[in-house]
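Undergrad: sequence and predicted structure, then a few things I'm wondering about:
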Amino acid sequence: MNTVRRQERSSKDLPVIRRALNESALNIVGENHQESDGLDVKTETRRREVEQRYLKKFHFSKKNYWGEKEFKFEFLDTKLHGDDSRAHIASAIRKTAVHCATTLDFLEETKKASNRRSPLSAASVRTLWDMIHSGLAGIKKELRQVYLAELVHAPIRHKIESLRQAGVTFPLIMKVMDPFREKYPWTVEATLKLDPLRVMLDSAFTEYAGAVGAIFSAPEKSRRKPSKDGQERYLMPHLGSADKFLEMRALVAEIGDIVTPLKDKFDMKEAIQLRSMIMANQAMVARILTPETTGVWKVGDTHVGDMKRFGLEDRLLAQNITLTTLKEFNEAVKAFSDELGTDSTLPAINNSRAHNKNLSSSLDARQGHAKRQRRT
């Protein structure tokens, strides 16, 4: 009796699951990036690895699975990305401007504090340093994103220039190759100015953080003034007056001079919606050029919602491209696993930083143990 009910339930539900993902289509699937980049609670493996195991049910290999920035297709002998890199450069520049403003405020506060006769408490000094360190790390991270996006975008610009020199200037071709060229024309010049400063900041940040960190970690007896306020009197000149501090403040100010005027030229909400439309368009171009393109392209779930809201679903289906929301994808995986009783379950994901850090530490410890075992 139970077997019959199980079979009836399976025959009823499986067509719904099959519509969620089509093995003969390009499936655009929504995700929460933090969740997909996280760890599986039960198996302590990467979430994307769990998803890829499930997708084998649809005969998709790792080659048929792409993260948001990974989907590419060939166009006029050039690799184009489904998610345009110029928009990512513009976004990172805006975030850099925000980090520069807050970091300069804390650097200025530190400079003032270092000139006071009465020293700050150790807790206040530490708080200032934590805020400066966080801001500098944010600038460094976003400039790294600019650099990586530029590595993708530069060959495309060079190809466009070679086409122009050959007399090929069709607007449609330019729109496919560089869709945000007219919206964010300032990204190229800004990137060229920022890259040498990125290299300088990486070096200066490492030296500055190392010098301050060494003071924080030094034993009390090794400080110049091991009195009650010895740490504050010794540390503040290093935070606010030392050569490394002055170098760092000048670098952040120079970076800020480049990115701050551009900050208001980028609207995050508008950019997300434009990216959604560009992603849909690039997916259709990819399918037209290479109809054999099948698999799963994971994008932010907001983009899938935008494509549905903008009425793009029918146009996408005409090119055999499906849209699947984050909720639909997770439900499909769970239902498939429950019905077939396979080991392809998709446990819930704990997104807390503490939990993921603990799991990462556990994995690192296991890998270290395995290495030691191999040595012996």
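TA: Alright, I've got the coordinates. Numbering: from 1, shown residues only.
Undergrad: per-domain residue ranges of the chain.
TA: Listed by automatic domain parsing, the domain ranges of the chain are 2-60+294-375, 85-268.
Undergrad: chain center to stretch 203-221: distance?
TA: When distances are taken as CA atoms, centre = their mean, to the nearest Å, stretch 203-221 is centred 29 Å away from the chain's centroid.
Undergrad: then it to CSV, C-alphas only?
TA: This file holds the C-alpha atoms of stretch 203-221, laid out as CSV (Å, rounded to 0.1, in the frame of the first residue of the first chain):
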residue,chain,number,x,y,z
SER,A,203,52.4,47.0,-0.1
ALA,A,204,51.8,49.9,2.2
PHE,A,205,48.9,48.2,3.9
THR,A,206,51.0,45.1,4.6
GLU,A,207,53.8,47.2,6.2
TYR,A,208,51.5,49.4,8.2
ALA,A,209,49.4,46.6,9.5
GLY,A,210,52.5,44.6,10.4
ALA,A,211,54.0,47.5,12.3
VAL,A,212,50.9,48.2,14.3
GLY,A,213,50.2,44.6,14.9
ALA,A,214,53.7,44.0,16.2
ILE,A,215,53.2,46.7,18.8
PHE,A,216,49.8,45.3,19.9
SER,A,217,51.3,41.8,20.3
ALA,A,218,54.6,42.9,22.0
PRO,A,219,55.1,41.9,25.6
GLU,A,220,54.7,44.7,28.2
LYS,A,221,58.3,44.6,29.2
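Undergrad: need the pLDDT of Leu194.
TA: Looking at Leu194, its pLDDT stands at 98.
Undergrad: surely it and Ile255 touch.
TA: Yes. Leu194 is within contact range of Ile255, at 6.8 Å (criterion: CB atoms under 8 Å). In this view, the C-beta of every residue, glycine as well, is placed from N, C-alpha and C.
Undergrad: common neighbours of the two, please.
TA: Taking CB atoms under 8 Å, 6 or more residues apart in numbering as the criterion, Leu194 and Ile255 both touch 96, 143.
Undergrad: without its sequence neighbours, what residue ends up closest to Val146?
TA: Spatial nearest neighbour of Val146, chain neighbours left out: Ala92 (4.7 Å); criterion: CB to CB, 6 or more residues apart in numbering.
Undergrad: does the one you found count as helix, strand or coil?
TA: Secondary structure for Ala92, judged by DSSP: H, G, I helix; E, B strand; the rest coil, is helix.
Undergrad: which ones are touching it?
TA: So Ala92 contacts 142-143, 145-146, 149 (CB under 8 Å, 6+ apart).
Undergrad: and for His158?
TA: Taking CB under 8 Å, 6+ apart as the definition, His158 has no contacts.
Undergrad: work out the gap between the strand or helix carrying it and the centre of the chain.
TA: Using DSSP states H and E, His158 falls within helix 122-165. In this view, helix 122-165 has its centroid 12 Å away from the chain centroid, taken as CA atoms, centre = their mean.
Undergrad: could you give the mean pLDDT of the host helix or strand of Met279?
TA: Under the criterion of DSSP H and E, Met279 resides in helix 268-289. Per-residue pLDDT over helix 268-289 has a mean of 96.
Undergrad: chain center to that helix, what's the gap?
TA: That offset, for helix 268-289, works out to 18 Å (CA atoms, centre = their mean).
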